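I would like the atomic coordinates for the input below:
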Amino acid sequence: LANVFTLRLLENCNDREIQYMLKAKSLSDKKRWVHALMPNRRTKYVSPSSLHWDCPQVQCIQRYTAQEPDELSLEAADILNVVELTSDGWILGDRLHDGEKGWFPS
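Numbering: from 1, shown residues only. The predicted model follows:
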């Protein structure tokens, strides 16, 4: 059951819950789907990095251009809070100077 996750949704005005079991191709795809399906900041979502004062940070050493909508384009010297790491080399981060969030390769 690698890379399987459950999506719970409320359906109709009775708040009836429906569950879907989904499977992603890889761990990073699973984490990307989970992140994409989470409520955003306007709907009570709080960035996990904002809850940890000792959140690790990384500094970009070369430019990266996003290839997917959930990725973050980076410039050399950008500093980011690390929200999540995957075993296949991807990082979910918050860029400090503008608060944009997205995935980028480590």
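
mind listing the helices for this structure?
27-37 (DSSP state H).

quick check, central residue of it?
His35 (4.2 Å; C-alpha atoms, centre = their mean).

burial count for the closest residue in space to Glu75 that isn't next to it in sequence?
Excluding its sequence neighbours, the residue lying closest to Glu75 (C-beta to C-beta, 6 or more residues apart in numbering) is Arg63, at 5.7 Å. All C-beta atoms are positioned from the backbone trio N, CA, C, and that covers glycine. When neighbours are defined as other C-beta atoms under 10 Å, Arg63 has 11 of them.

contact partners for Arg63?
Listed by C-beta atoms under 8 Å, 6 or more residues apart in numbering, the contact set of Arg63 reads 74-76.

tell me which stretches of this structure form strands.
Counting by DSSP state E, the chain has these strands, from start to end: 4-11, 16-23, 57-59, 79-85, 90-95, 101-105.

just name the most buried of the ones you listed.
strand 90-95 (a mean of 22; mean count of other C-beta atoms under 10 Å).

that one - contacts with which helices or strands?
helix 27-37, strand 79-85, strand 101-105 (3 or more C-beta pairs under 8 Å, 6 or more residues apart in numbering; DSSP states H and E).

present these as a markdown table; the columns should include mean pLDDT and distance to Gln59.
Shown next, in a markdown table, are those (pLDDT from 0 to 100; distance: least, C-beta to C-beta, whole Å):
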| stretch | mean pLDDT | distance to Gln59 |
| --- | --- | --- |
| helix 27-37 | 86 | 22 |
| strand 79-85 | 89 | 5 |
| strand 101-105 | 94 | 12 |
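
can you add distance to Gln57 and give the ones you listed back as CSV?
Converted to CSV, the helices and strands packed on strand 90-95 look like this (distance: least, C-beta to C-beta, whole Å):
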stretch, distance to Gln57
helix 27-37, 19
strand 79-85, 6
strand 101-105, 13
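
all good on my end, thank you.
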